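A.B. asks: Any chance you can model this:
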Amino acid sequence: MTNYLLEIGLEEIPAHLVTPSINQLAERMETFLKENRLEFDKIIKFSTPRRLAIIVEGLAEASEAIDEEVKGPSAKIAKDAQGNWSKAIQGFSRGQGATPDDLILKGDYYYAKKHIDGVKAEEILSKVGDEVIEKMTFSTYMKWGNNDFLFVRPIQWIVSLLEDKVVAFDLLDVTANRFSRGHRFLANVEVELKNANYYASKMPENFVLVDAEHRKAEISAQILALASENKWQVTLHKDLLEEVNNIVEYPTAFVGSFDPKYLSVPAEVLVTSMRDNQRYFEVYNQEGQLAPNFISVRNGDAENIENVVLGNENFLVARLEDAEFFWKEDQKLKIEDLVAKLAKVTFHAKIGSITEHMARTKEIAAKLADIAGLTDEEKRDVARSAEIYKFDLLTGMVGEFDELQGVMGEKYALLAGENANVSAAIREHYMPTSAEGELPETKVGSVLAAADKIDSVLSFFNVGLIPSGSNDPYALRRAVQGLIRIIEKMNWHFDLSLFIDQFEGENHLEILDFVKARIQKLLLEKLDRHDIVEAVINSSSFDITNMMESAFVIDVHKLHAPFKPAIENVSRSINLVKKAKDIKEINPTLFEEDAEEALYNVVISLQNQWTYMPGEEKFRAIVNSLAPAIETFFESVMVMAEDLSVRDNRIALLSEVVALTSVMADFSLINTK
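C.D. replies: Residues are numbered from 1 along each chain as shown. Sure thing, here's the model as predicted:
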């Protein structure tokens with residue numbers, strides 16, 4: 001067993017592309033090795049902004065030799081009328097390096113036995129350039145030189161080593177060899193790698209920490225040490241840490257400061273300036289207050305670090321000067337004046353202005369407020385927030401720092417005398433801002449956020465701007481996923497299908513399918529039973545909270561003994577009802593068996609309380625009360641009775657069973673085998 005090193009040296013890769021690029025390289029190498037039957041133990045990944053590298057450990061010396069049978073022509077066309085081998089069979093034989101007499105007849109077809117020798121690892125790996133590197137795809141490409149080859153960034157060098165031996169191949173004007181390169185500023189020289197196994201230890205000698213996880217741990221340790229030394233509190237924000245890790249090869253953390261006068265500007269603005277714009281880690285004092293300091297990381301050592309500190313402080317001051325100016329100037333503006341100007345701001349060319357979007361949102365929010373059971377005061381807050389919630393788009397601060405949409409709206413609203421509920425809703429209507437992002441905390445904010453998302457989806461679908469494939473320029477998938485999470489958190493029960501039918505549009509069925517797909521995705525991230533998920537999203541009511549709740553309830557009970565017979569009895573009822581062409585009204589006087597009466601009584605009893613029962617209670621009622629009554633019914637009663645009136649009555653009874661159970665799920669879609 002041997003180890004193989006592949007390093008692709010590049011011009012600086014954008015930070016957000018480093019991790020997906022190295023993951024893709026490892027995945028493509030794994031696929032390549034498996035397709036070539038070259039066994040290996042594992043693939044270790046290394047990455048920096050200037051290089052993507054992998055080491056394949058435990059690589060076999062050659063691919064596995066195999067014997068295989070290749071399917072050929074059918075026996076019907078193998079010979080002509082005189083019994084001679086046909087042209088089809090002869091051509092197939094030649095292609096397999098055999099004669100027709102060498103073929104084997106199996107069933108209706110002839111097969112050729114073929115032995116495939118193993119291929120040396122070195123020969124297979126010489127194809128890495130064509131079969132792995134050239135096949136990589138990226139969201140952003142660059143082209144260089146006089147060729148059509150595209151890659152994430154121009155390739156500067158390639159290292160290809162099988163233990164101590166170079167596995168050479170050419171890619172454009174680059175020939176793979178054993179020479180890597182050190183840090184661009186600290187060791188800008190060729191680094192000879194005599195063996196693939198020396199890579200992880202040799203590169204740090206040249207100021208390149210190639211192990212991304214080790215580099216990240218080093219960055220974290222340095223930041224925490226500086227914070228501890230200065231008695232600060234610091235949060236190692238996951239995304240920021242990942243970004244910083246992917247812009248340095250040799251990290252050195254340092255401390256910077258700014259004039260405390262800027263602390264008069266809202267902390268969110270300062271944090272945005274530091275974290276989002278400058279990639280700094282903000283720090284807090286022992287009381288949890290934002291300190292006039294920051295921690296950053298340079299791509300280099302500590303030499304002349306004071307110049308680096310000064311440069312970063314100057315950059316930050318320029319941003320803070322702008323922030324302080326906008327903070328003061330924006331407070332001179334009036335909310336009503338800004339709202340009036342939104343009529344001239346386009347939401348989308350095909351949809352209209354932001355003012356029109358807000359008006360539709362207000363209408364939707366009013367209906368949601370009723371569903372949510374808000375008080376009259378809360379409804380007034382919903383209406384007020386819907387009238388003004390986009391005003392901060394026209395403030396100077398949001399114009400400069402668009403990440404602060406909503407955040408500044410809340411602050412300016414409070415300063416203008418709006419109440420806490422209205423102000424919070426302005427901030428919360430953007431929530432969640434990511435798949436796992438924070439949800440609105442207030443009822444008013446939840447209603448406004450949901451209404452805003454519903455109108456966005458309705459509006460874009462109505463003008464035919466519907467996401468397809470991975471293309472979703474208006475982030476409608478994120479909007480729907482956020483809507484689902486809000487509805488579930490707030491425990492709102494309503495039929496989304498009936499709800500959106502109150503509003504104009506011709507694509508409502510497409511919208512519902514779109515929402516179903518997001519519900520399915522969310523559930524499958526937590527459950528491993530596709531059939532259960534499929535069953536709940538095909539329930540009779542488009543009640544999102546019910547769908548989410550039902551999926552987890554059913555999943556919890558799937559291994560319990562009564563589960564299988566209960567599902568099977570309900571499914572049998574569903575299948576019988578599906579076949580019926582005309583469902584009649586139940587007539588209890590037509591019951592002939594006690595089992596009919598018993599099932600009818602269970603159904604009536606459950607109908608009286610079904611709407612208000614939580615999902616867990618519903619399922620227990622199905623398993624413990626309804627399913628046993630159905631089983632006794634099937635054991636005692638011939639559903640398809642000769643008397644048509646009796647038969648129709650029994651089908652009608654089963655249809656009521658189906659009506660009850662289908663509120664939770666279409667149980668016929670659940671696999672009990």
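A.B. asks: can you map out the strands along the stretch 351-500 of the chain?
C.D. replies: 352-353 (DSSP state E, counting those that start in this stretch).
A.B. asks: Could you tell me which residues make contact with the residue sitting nearest the centre point of the chain?
C.D. replies: Taking CA atoms, centre = their mean, the centroid of the chain lies closest to Ala435, which sits 6.7 Å from it. The contact partners of Ala435, by CB atoms under 8 Å, 6 or more residues apart in numbering, come to Arg478, Gln481. Placement of C-beta: from N, CA and C, glycine included.
A.B. asks: please redo it, this time with the cut-off set to 10 Å
C.D. replies: Neighbour list for Ala435: Arg477, Arg478, Gln481, Gly482, Arg485, Lys521, Leu522, Glu525 [criterion: CB atoms under 10 Å, 6 or more residues apart in numbering].
A.B. asks: Could you identify which of the residues you listed has the most neighbours?
C.D. replies: Counting neighbours by other CB atoms under 10 Å, Gly482 leads those with 25 neighbours.
A.B. asks: list the contacts for that one?
C.D. replies: Gly482 is in contact with 430-435, 437, 439-440, 449-450, 452-453, 475, 518, counting by CB under 10 Å, 6+ apart.
A.B. asks: How about Thr545?
C.D. replies: Ile484, Ile487, Glu488, Lys489, Met490, Asn491, Trp492, His493, Phe494, Gly615.
A.B. asks: Export these to a markdown table and append columns for pLDDT.
C.D. replies: Shown next, in a markdown table, are those (pLDDT from 0 to 100):
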| residue | pLDDT |
| --- | --- |
| Ile484 | 98 |
| Ile487 | 98 |
| Glu488 | 96 |
| Lys489 | 97 |
| Met490 | 97 |
| Asn491 | 94 |
| Trp492 | 96 |
| His493 | 94 |
| Phe494 | 95 |
| Gly615 | 89 |
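A.B. asks: Counting only helices, which of the residues you listed make the cut?
C.D. replies: In this view, the contacts of Thr545 that belong to helices under DSSP state H are Ile484, Ile487, Glu488, Lys489, Met490, Gly615.
A.B. asks: tell me which of those residues is nearest to Asn671?
C.D. replies: Distance to Asn671 across the ones in helices among the contacts of Thr545 (CB to CB) is lowest for Gly615, with 20.4 Å.
A.B. asks: ok, the closest one to Thr442 distance?
C.D. replies: For Gly615, the distance to Thr442 equals 26 Å [CB to CB, to the nearest Å].
A.B. asks: How about Ser257?
C.D. replies: In this view, Ser257 and Thr442 are 37 Å apart by CB to CB.
A.B. asks: Which of those two has more residues huddled nearby?
C.D. replies: Thr442 (20 against 13).
A.B. asks: Phi first, then psi, for the more buried one.
C.D. replies: Main-chain torsions, Thr442, degrees, to the nearest 10: phi -90, psi 160.
A.B. asks: For the residue nearest to it when sequence neighbours are not counted, which residues are in contact?
C.D. replies: Among residues not flanking Thr442 along the chain, Ala424 sits closest, at 5.1 Å (CB to CB, 6 or more residues apart in numbering). Contact analysis of Ala424 by CB under 10 Å, 6+ apart lists 381, 385, 406, 410, 413-414, 418, 440-442, 444-445, 448.
A.B. asks: Just the closest of those residues to Ala53, please.
C.D. replies: Nearest to Ala53 among the contacts of Ala424 is Gly406, at 42.0 Å by CB to CB.
A.B. asks: got the contact list for the closest one?
C.D. replies: Applying CB under 10 Å, 6+ apart, the residues near Gly406 are 389-390, 392-393, 398, 424-431, 433, 445, 449.
A.B. asks: Also Leu509?
C.D. replies: Leu509 touches Ser497, counting by CB under 10 Å, 6+ apart.
A.B. asks: and it, what element?
C.D. replies: Using DSSP states H and E, Leu509 maps to helix 508-524.
A.B. asks: Give me the buried positions along the helix or strand just after that helix.
C.D. replies: Next helix or strand after helix 508-524 toward the C-terminus (DSSP H and E): helix 530-537. For helix 530-537, burial by neighbour count (16 or more other CB atoms under 10 Å) applies to Ile532, Val533, Glu534, Ala535, Val536, Ile537.
A.B. asks: what mean pLDDT does helix 530-537 have?
C.D. replies: Helix 530-537 carries an average pLDDT of 96.
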